[in-house]
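**Q** just a sequence and a predicted model for now, questions to come.
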Amino acid sequence: MAAANLYSPSPSLPSTLRHSLNSNPFTRIPFRLHKPFSKTPLSLKAVLSQNPSKTQTQFHHCFSKSSDGFLYCEGIKVQDIMESVDKRPFYLYSKPQITRNVEAYKEALEGLNSIIGYAIKANNNLKVLEHLRKLGCGAVLVSGNELRLALHAGFDPTRCIFNGNGKLLEDLVLAAEQGVFVNVDSEFDLDNIVAAARISGKKVNVLLRINPDVDPQVHPYVATGNKNSKFGIRNEKLQWFLDAVKAHPDELKLVGAHCHLGSTITKVDIFRDAAVLMVNYIDQIRDQGFEVNYLNIGGGLGIDYYHAGAILPTPRDLINTVRELVLSRDLNLIIEPGRSLIANTCCLVNRVTGVKTNGTKNFIVIDGSMAELIRPSLYDAYQHIELVAPSSPGAEISTFDVVGPVCESADFLGKQRELPTPTKGAGLVVHDAGAYCMSMASTYNLKMRPPEYWVDEDGSVSKIRHGETFDDHLQFFKNL
Ligand SMILES: Cc1ncc(COP(=O)(O)O)c(C=O)c1O
Ligand SMILES: N[C@@H](CCCC[NH3+])C(=O)O
């Protein structure tokens, strides 16, 4: 299988590229930062003992300002980490926070037969994936490469779900061979799944992705379960799909129904409305003799991007709203969280390049940009921003747009933020950057994708992904 060779350089590659692949951190002992780090007054043990499901707020913020005015990640001063690594933007994760987020879902799901299918599109760092897999997660995939990466990270394929409105035949063949659940999205998708079953000689466990036409009340670009969406099957066509599955008893086994309403949803009633519709569909499907026993309610739980003390629904709130429906039908529940598992575990750490004003507006210009983190530019999304160290005495507090160096007026990380005027080189973080940030990063303006680090349970800091370099870019043009 191709996945096994993902990081084994082919002997036909140029030696420089072979070298760079050979020095991949995943094949070696992780790079360690040796500088001794200052400890926060709050001990790591105390931070770890804060159980998210027992607090009032949705998720514990693993990055917090201490009384000394410095920002800490699990007891480690972010400023110290900045001084120990290359001078470029980097992503910094809390590994314990990933654990806490998974535990919150596991506790919420107690008493149900369930699969937590982590949506790999949110963050595809291999070390993160391996950690999530060890914690018991399955995986949700939208491309052949995400499937290959999931296999490489050791996920049990029978706890993986292959989604998507444009799945390719060759990727479906791999999914069929591996025994992955496949969601049927359209007529042509069903044809391809049948073909994949024949090629692989394996019957495929399928779920119908039903578009329930429920408004998730989110930005239109991240709404996926309303009637204008490109995803899923409308209920008017349900019978056609049931007949098509019946016509292919050697290739397809219908095991359940799936929906995914959208992302950043902050009201659990929305999930409840969809689940009511979905169990009605399941009743109808069962009435036709199908033994469907999986309800997949997708992902989509939003998080507290504003850091303003809002009480948002927890995983427990989400699961409790569908629990009785699931139990009443004796169903297995699949959930597909991405953002709510990984977003709050990470921030993008940047340096201030300078401060300027154009007469009407003030700008903090940082080295990070829309290339490293595109959500504000793409969705006008709010991500909380703060400086990593106390401001110098007398620093004026002003309203700033926080912008990058990219040649686009859409290149902003935050607008109208009240911040103390920072000095050149000051550290500035963009919070909640674990989901859809690095995985959506680009190399626009040849800003190479940043390195990633995490703070481990024992307080050590390791690199978990190399930053891209200019040489990496040149490799694309070697030996053409
Ligand atoms: C089918 C599907 N499942 C799961 C997810 C993960 O969603 P979220 O990150 O909002 O939990 C997505 C992304 O929106 C998706 O499209
Ligand atoms: N990329 C989006 C989420 C899309 C989820 C995938 N359907 C975001 O950053 O919020």
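**A** Thanks, I have the structure now. Ligands and ions are numbered 1, 2, ... in the order given.
**Q** pLDDT weak spots in the protein?
**A** Low-confidence segments of the chain (pLDDT under 70): 1-60.
**Q** do that again at 80, thanks
**A** 1-61 (pLDDT under 80).
**Q** do stretch 115-127 and ligand 1 come into contact?
**A** Yes: contact check for stretch 115-127 against ligand 1, using C-beta under 6 Å from any ligand atom: residues in range are 119, 122. (C-beta placed from N, C-alpha, C; glycine too.)
**Q** got the contact list for the host helix or strand of residue 326?
**A** Residue 326 belongs to helix 315-328 when assigned by DSSP states H and E. By C-beta atoms under 8 Å, 6 or more residues apart in numbering, the residues outside helix 315-328 that reach it are 53, 104-105, 107-109, 111-112, 268-269, 271-272, 275-276, 279, 295, 297, 301, 333, 335, 337, 340.
**Q** what subset of those residues is buried?
**A** 53, 104-105, 107-109, 268, 271-272, 275, 279, 295, 297, 301, 333, 335, 337, 340 (16 or more other C-beta atoms under 10 Å).
**Q** list the contacts for the residue nearest to residue 156 when sequence neighbours are not counted?
**A** Once flanking residues are discounted, residue 156 sits nearest to residue 138: 6.7 Å by C-beta to C-beta, 6 or more residues apart in numbering. Residue 138 sits next to 115-118, 155-156, 159-161 when contact means C-beta under 8 Å, 6+ apart.
**Q** give the ChimeraX command for selecting the buried subset of those residues.
**A** To isolate the buried members of the contacts of residue 138 in ChimeraX, using 16+ other C-beta under 10 Å:
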select :115,116,117,118,155,156,159,160,161
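**Q** show me which of the contacts of residue 138 is closest to residue 347.
**A** residue 118 (19.9 Å; C-beta to C-beta).
**Q** residue 148: neighbour count?
**A** 19 (other C-beta atoms under 10 Å).
**Q** give me the neighbour count for residue 368.
**A** Residue 368: 29 neighbours (other C-beta under 10 Å).
**Q** make sure it is indeed in a helix.
**A** No: in this structure, residue 368 is coil, not part of a helix, as judged by DSSP: H, G, I helix; E, B strand; the rest coil.
**Q** ok, it touching residue 353?
**A** No: taking contacts as C-beta atoms under 8 Å, residue 368 lies outside contact range of residue 353: 9.9 Å.
**Q** related to what we said a few turns ago, now, the buried ones among the contacts of helix 315-328 that are in helices?
**A** With helices taken from DSSP state H, the overlap with the buried ones among the contacts of helix 315-328 comprises 104-105, 107-108, 268, 271-272, 275, 279, 340.
**Q** would you list the phi and psi of residue 437?
**A** Main-chain dihedrals, residue 437, degrees, to the nearest 10: phi -120, psi -70.
**Q** just the CA trace of stretch 149-160, in PDB.
**A** Output in PDB follows, covering the C-alpha atoms of stretch 149-160 (Å, rounded to 0.1, in the frame of the first residue of the first chain):
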ATOM      1  CA  LEU A 149      -2.400   9.600   5.700                       C
ATOM      2  CA  ALA A 150      -4.900   8.100   8.100                       C
ATOM      3  CA  LEU A 151      -3.600   4.600   7.300                       C
ATOM      4  CA  HIS A 152      -0.100   5.800   7.800                       C
ATOM      5  CA  ALA A 153      -1.000   7.200  11.200                       C
ATOM      6  CA  GLY A 154      -2.300   3.800  12.100                       C
ATOM      7  CA  PHE A 155      -6.100   4.500  12.200                       C
ATOM      8  CA  ASP A 156      -8.200   1.400  12.200                       C
ATOM      9  CA  PRO A 157      -9.800   1.600   8.700                       C
ATOM     10  CA  THR A 158     -13.000   0.100   9.900                       C
ATOM     11  CA  ARG A 159     -13.400   3.200  12.200                       C
ATOM     12  CA  CYS A 160     -12.900   5.600   9.200                       C
END
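**Q** which residues does residue 195 contact?
**A** Residues in contact with residue 195 (C-beta under 8 Å, 6+ apart) are 169, 172.
**Q** before we move on, what SS does it have?
**A** From three-state DSSP, the assignment for residue 195 is helix.
**Q** next, work out how far apart it and residue 176 are.
**A** Distance of residue 195 to residue 176, given as C-beta to C-beta, to the nearest Å: 10 Å.
**Q** does any part of stretch 274-285 sit near ligand 1?
**A** No: figure legend: stretch 274-285 not in contact with ligand 1 (C-beta under 6 Å from any ligand atom); closest approach 12.9 Å.
**Q** need the residues that contact that stretch.
**A** 208, 210, 212, 214, 225, 235, 238, 242, 254, 256-257, 259, 261, 292, 295, 297, 321-322, 325-326, 328-329, 331.
**Q** is residue 347 in a bridge, and if so with what?
**A** residue 92 (DSSP bridges).
**Q** does whatever residue of the stretch 351-480 of the chain ends up closest to ligand 1 count as helix, strand or coil?
**A** Relative to ligand 1, the nearest point of the stretch 351-480 of the chain is residue 435 (5.8 Å; C-beta to the nearest ligand atom). Under the three-state scheme (three-state DSSP), residue 435 adopts coil.
**Q** pretty sure it contacts residue 338?
**A** Yes: between residue 435 and residue 338 there is a contact under C-beta under 8 Å: 5.6 Å.
**Q** common neighbours of those two, please.
**A** 122-123.
**Q** can you list the residues of the stretch 1-150 of the chain near ligand 2?
**A** residue 121.
**Q** please enumerate the helices of the stretch 1-150 of the chain.
**A** Counting by DSSP state H, counting those that start in this stretch, the stretch 1-150 of the chain has these helices, from start to end: 15-22, 44-48, 78-84, 95-108, 126-134, 144-152.
**Q** can you put those helices in CSV and add distance to residue 359?
**A** What follows is these, written out as CSV (distance: least, C-beta to C-beta, whole Å):
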stretch, distance to residue 359
helix 15-22, 46
helix 44-48, 44
helix 78-84, 32
helix 95-108, 42
helix 126-134, 44
helix 144-152, 47
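**Q** in the sheet, who's paired with the closest residue to residue 132 other than its chain neighbours?
**A** Nearest residue to residue 132, sequence neighbours excluded (C-beta to C-beta, 6+ apart): residue 118, at 5.1 Å. Beta-bridge partners recorded for residue 118 (DSSP bridges): residue 139.
**Q** and the end-to-end length of stretch 82-91?
**A** 11 Å (C-alpha to C-alpha, to the nearest Å).
**Q** quick check: buried residues in that stretch?
**A** For stretch 82-91, using 16+ other C-beta under 10 Å, the buried residues are 82, 85, 88-91.
**Q** between those residues, which is closest to residue 349?
**A** Nearest to residue 349 among those is residue 90, at 5.3 Å by C-beta to C-beta.
**Q** that closest one contacts residue 351, correct?
**A** No: if you go by C-beta under 8 Å, residue 90 and residue 351 don't touch, sitting 10.1 Å apart.
**Q** residue contacts, the residue in the chain that ligand 2 sits nearest to?
**A** Of all residues in the chain, residue 436 sits closest to ligand 2, with a separation of 3.1 Å (C-beta to the nearest ligand atom). By C-beta under 8 Å, 6+ apart, the contact list for residue 436 reads 121-123, 338-339, 343, 375.
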